[in-house]
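S.K.: After the sequence you'll find the predicted model.
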Amino acid sequence: MAKFLFKLGRWSFHRKWIVIVLWLAVLGGMAGAAVAFQKPFSNQFSIGGTPSINSLYTLQENFPDAGNPANAASVNVVFVAPDGQTLAEPQNSAAIDTVVSAIEDNLDDITGTERFGNPVEVSPALQAGVIEQMTSQGLPEETARADAENLKMLSDDGRIGYTTFTFDVESSMDVTQEHRDIVNNAMDLGREQGIQVEAGGAGFGDPIEVKTSSEIIGLGVAFLVLIATFGSVIAAGLPVITAVIGVGIGALAIIVATAFVELNNITPVLAVMIGLAVGIDYALFILSRYRAERRRMPADEAAGMAVGTAGSAVVFAGATVIIALAALTIVNIEFLTAMGLSAAFTVLVAVLIALTFIPALLGVLGDRVFKARIPGLSGNPVRGGGKRRRGRTMGNRWVSFVRKAPGLVMAVVVLGLGAMAAPVLDMELSLPSDSTSNLDTTQRKSADLMAEGFGEGVNAPFLVIVDAHEVNPDSAALEPLVRAQTDLAEQAGEAVDPQNAATMSSFLYTVGQLQTVGGVKHAQLIAVNDDATAAQILVTPTTGPDDQFTTEVSHALREQGEQISDATGVDVGMTGLTAVQMDITERLAGAMPVYLAIVVGLAIFLLLGVFRSVLVPLVAGLGFLLSVGAAFGLTVLVWQEGLWDLVNTPAPLISFMPIFLIGVTFGLAMDYQVFLVTRMREHYISLKEQAAAEPGAPRKVTRLDAVDESTIVGFTRGARVVTAAALIMIAVFIAFIDQPLPFIQIFGFALGVGVFFDAFFVRMSLVPATMFLMGGATWWIPRWLDRLIPRMDIEGTELEKEWEARHAAETAHREEMEKVSS
């Protein structure tokens, strides 16, 4: 591969304008296609194959007009009277009427208006209607009053009330800004009249807004790091330019893809975040190698050699990132698969850009690429007058320190990162909801007010579906209820159909059994279909959607449902937004250990082929586990537990953050492992060949000496570039904390600290420390395994040997010709 990449790099150098025009044409074509074909992104996280989704299909079969409760565009408008007052007071009730009228008059497309209106008037009338209807059907008045109480829209103290409606659109993703503006303007009218008005619900989520400041900050910091690395403004600009073009193509391609598949609205944000980081880093590695090779080669061959050597490592590193992201498909979760493949495509573009666009720009700029130098920066390879810089580098001083105390360094890293990973045991996961929004948003305020006025569970209702087509009329569990219906019918002189009696009894029996589940505040029958073969039961828990106990309640409800099915023959399922989100969270949590095992196993296998060593890949894999564990732990402490009040809204972490973080961090960790350790292996192989070629030389290099020397020399050569690359990635990721949406902030933070721990604690501390401790065993591999594992030459060793042989032959030929001519 190295030889092919050498030819590609040199071809791109010579055919510079063809390469540049082609990439710009691709960018322009993608922009045009995005404008022509783009469709809205989705804000849904639903997946197929979960119990709640299966129950949703049952609901739609039996209640075809019921819609989809998991993505219905419902809105809750909450009203709060000033302190010491109630909403029933004339001025406050009038303010509510103003808000309701403004919504009603300006929104033509609303449904679900059964509970829409002034809660001061609607709530008592609704409760009275429920009591009258249920008692007329022969149900106990106590049960009727409990059901009516659960549906109330006005708090007991009369200070908090709410109304609800649904936008008449296909799903919540179809709610427009115009819809939101009408509700916001209506709420402002109420606020002007002295009451507090807030709104939330699935149909009133804020649209995804991505601040361009994050990209600008990340690119700005990256540019400064590149200037310090190269000491040249021009050289610093090349990786930034190529990364922007690559990310632009990747992001536009994702927009085009919305015409064919439904993509979640944070998919492009994550792709941009990852694409920028790897795009700059890959270009940095190739450009840095070009500068080193240019000292001994013509410009075109230096470009080819940089692409053949560092480019080989870029291909390998990029392939590991792509594989890790694409492997998210094994989790079999649609939106996560889309995120992984989208980010993987952006990384692929970044790799191709680095391999071709960078040498093309080098062909345009020539030796001017390292001009515009800034005096005093260590990135300049020479001082004034052309003299080489002397003295030890910071990287050399650090690795020398590690060699003196490898055991201490290893203990500090392992114990420190291990201790930091401890909070992972308390990690809580959920999907975004009003209850986890920032405290200063109207969505969070509405959820908190609803919980204050009507209990936490009002924000986490479950919808239980009872399909009684296969009910057993001879069920012993239903016999008392069937007999009661028969007795009432006989008293009224009416005939009773045993099947219909069993069906209705199954509904009532299910309500009663669900009511006994611990953590259930209330269960009530809310709908029966036209042919009385299916029913909907609203179950309100005592706790909210982000409370882990609510998840336990959902499990208990499903277990109770199975017992009901066994006893009566009916099919009992549970759905609704709360159930769907919990199922997704549990599916993700269950898939995480499997995915983690796959990526770690993949890392060890690939690194076996690259480094021809058993212990180096094992240390790399264990180091990855330490770094990702510490990143999880610190993220839990800051974003879930609210460490030092660094964030204003601590909440459970978004469900797919851990598994996505594993994939991305794994890929980036392998980047640093490859770029750092390949330098060590290059020198180690060189020392072995030197010892084999000159067995009688005065300085005989032992295998142990070779390991120590190669570790120090290789680290010294690679540390500067790896440090710059890590700082750039950290800056790009951390800059996304400036985004308005919490889950994007968490992703930026988690990826940033993950790269920090992996680059500086694991790759630049733990890895050299273990090499010093392992000594001669570092590069050991059994012969049978060496023959079995395919070889991957990502150092470009054979390429360099071939060039050196050709260069030596050309030099000898030239000297011979000079002798002849003289």
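M.R.: In hand now; what should we look at?
S.K.: my guess is residue 33 contacts residue 252, does it?
M.R.: Yes. In this structure, residue 33 is within contact of residue 252 by Cβ atoms under 8 Å, at 7.4 Å. Where C-beta positions appear, they are placed from N, C-alpha and C, glycine not excepted.
S.K.: And these two? Which one has more around it.
M.R.: residue 252 (22 against 15; other Cβ atoms under 10 Å).
S.K.: Can you check the pLDDT for the more buried one?
M.R.: For residue 252, the pLDDT comes out at 92.
S.K.: Same check on residue 380?
M.R.: For residue 380, the predicted pLDDT is 56.
S.K.: low-scoring pLDDT stretches of the stretch 601-750 of the chain, where are they?
M.R.: 691-704 (pLDDT under 70).
S.K.: Which residue ranges of it form strands?
M.R.: For the stretch 601-750 of the chain, strands defined by DSSP state E, counting those that start in this stretch occupy the ranges 653-654.
S.K.: now the stretch 351-500 of the chain
M.R.: 429-430, 462-467.
S.K.: winner for burial among those strands?
M.R.: Mean neighbour count (mean count of other Cβ atoms under 10 Å) peaks for strand 462-467 among the strands of the stretch 351-500 of the chain, with a mean of 26.
S.K.: Identify the residues contacting that strand?
M.R.: 55, 58-59, 62, 69, 506-507, 510, 514, 523, 533-541, 554, 557, 561, 570-576, 578-579 (Cβ atoms under 8 Å, 6 or more residues apart in numbering).
S.K.: Show me those residues that map onto strands.
M.R.: 523, 534-541, 571-575 (DSSP state E).
S.K.: Now the buried members of these.
M.R.: The neighbour count (16 or more other Cβ atoms under 10 Å) marks 523, 534-541, 571-575 as buried among the ones in strands among the contacts of strand 462-467.
S.K.: export whatever helix or strand residue 105 lives in as CSV, just CAs?
M.R.: Element membership of residue 105, judged by DSSP states H and E, is helix 90-106. C-alpha atoms of helix 90-106 as CSV (Å, rounded to 0.1, in the frame of the first residue of the first chain):
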residue,chain,number,x,y,z
PRO,A,90,-61.1,37.1,37.6
GLN,A,91,-57.9,38.8,36.4
ASN,A,92,-56.0,35.5,36.2
SER,A,93,-58.8,33.6,34.5
ALA,A,94,-59.2,36.4,32.0
ALA,A,95,-55.4,36.2,31.2
ILE,A,96,-55.8,32.4,30.6
ASP,A,97,-58.7,33.1,28.2
THR,A,98,-56.5,35.5,26.3
VAL,A,99,-53.8,32.9,25.8
VAL,A,100,-56.3,30.2,24.9
SER,A,101,-58.1,32.5,22.4
ALA,A,102,-54.9,33.6,20.8
ILE,A,103,-53.9,29.9,20.2
GLU,A,104,-57.4,29.0,19.0
ASP,A,105,-57.8,31.9,16.7
ASN,A,106,-54.4,31.7,15.0
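S.K.: quick one, what contacts the closest residue to residue 738 other than its chain neighbours?
M.R.: The spatial neighbour of residue 738 that comes closest, neighbours along the chain excluded (Cβ to Cβ, 6 or more residues apart in numbering), is residue 214 at 5.1 Å. By Cβ under 8 Å, 6+ apart, residue 214 lies in contact with 735-736, 738-739, 748.
S.K.: Can you name the next helix or strand after the helix or strand residue 214 falls within?
M.R.: Using DSSP H and E, residue 214 maps to helix 212-230. Proceeding N to C from helix 212-230, the next assigned helix or strand is helix 233-257, under DSSP H and E.
S.K.: got the angle for that following helix vs helix 212-230?
M.R.: If you take axes from the mean of the first three to the mean of the last three Cα atoms, to 10 degrees, helix 233-257 sits at 140 degrees to helix 212-230.
S.K.: tell me which strands and helices helix 233-257 is in contact with?
M.R.: helix 16-37, helix 212-230, helix 267-294, helix 334-365 (3 or more Cβ pairs under 8 Å, 6 or more residues apart in numbering; DSSP states H and E).
S.K.: Tell me which other helices or strands the longest one touches.
M.R.: The helices and strands touching helix 334-365, judged by 3+ Cβ pairs under 8 Å, 6+ apart, are helix 2-14, helix 16-37, helix 233-257, helix 267-294, helix 299-326, helix 657-693.
S.K.: mind listing the helices in the stretch 601-750 of the chain by residue range?
M.R.: Under the criterion DSSP state H, counting those that start in this stretch, helices of the stretch 601-750 of the chain are mapped to 615-635, 657-693, 703-735, 742-756.
S.K.: What is the subsequent helix or strand relative to the shortest one?
M.R.: Toward the C-terminal end, the helix or strand that comes next after helix 742-756 (DSSP H and E) is helix 767-774.
S.K.: For that next one, C-alpha coordinates in CSV please.
M.R.: Provided in CSV are the C-alpha atoms of helix 767-774 (Å, rounded to 0.1, in the frame of the first residue of the first chain):
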residue,chain,number,x,y,z
VAL,A,767,2.7,3.0,26.7
PRO,A,768,6.4,4.0,26.9
ALA,A,769,6.4,3.1,30.7
THR,A,770,5.2,-0.5,29.9
MET,A,771,7.8,-0.8,27.1
PHE,A,772,10.6,0.1,29.5
LEU,A,773,9.3,-2.4,32.0
MET,A,774,8.7,-5.2,29.4
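S.K.: Flag every buried residue along that helix.
M.R.: The neighbour-count check on helix 767-774 (16+ other Cβ under 10 Å) flags 767-772, 774 as buried.
S.K.: go on, stretch 511-522?
M.R.: 511, 513-515, 517, 519-522.
S.K.: of those, closest to residue 113?
M.R.: Using Cβ to Cβ, residue 522 comes nearest to residue 113 of the buried residues of stretch 511-522, at 23.3 Å.
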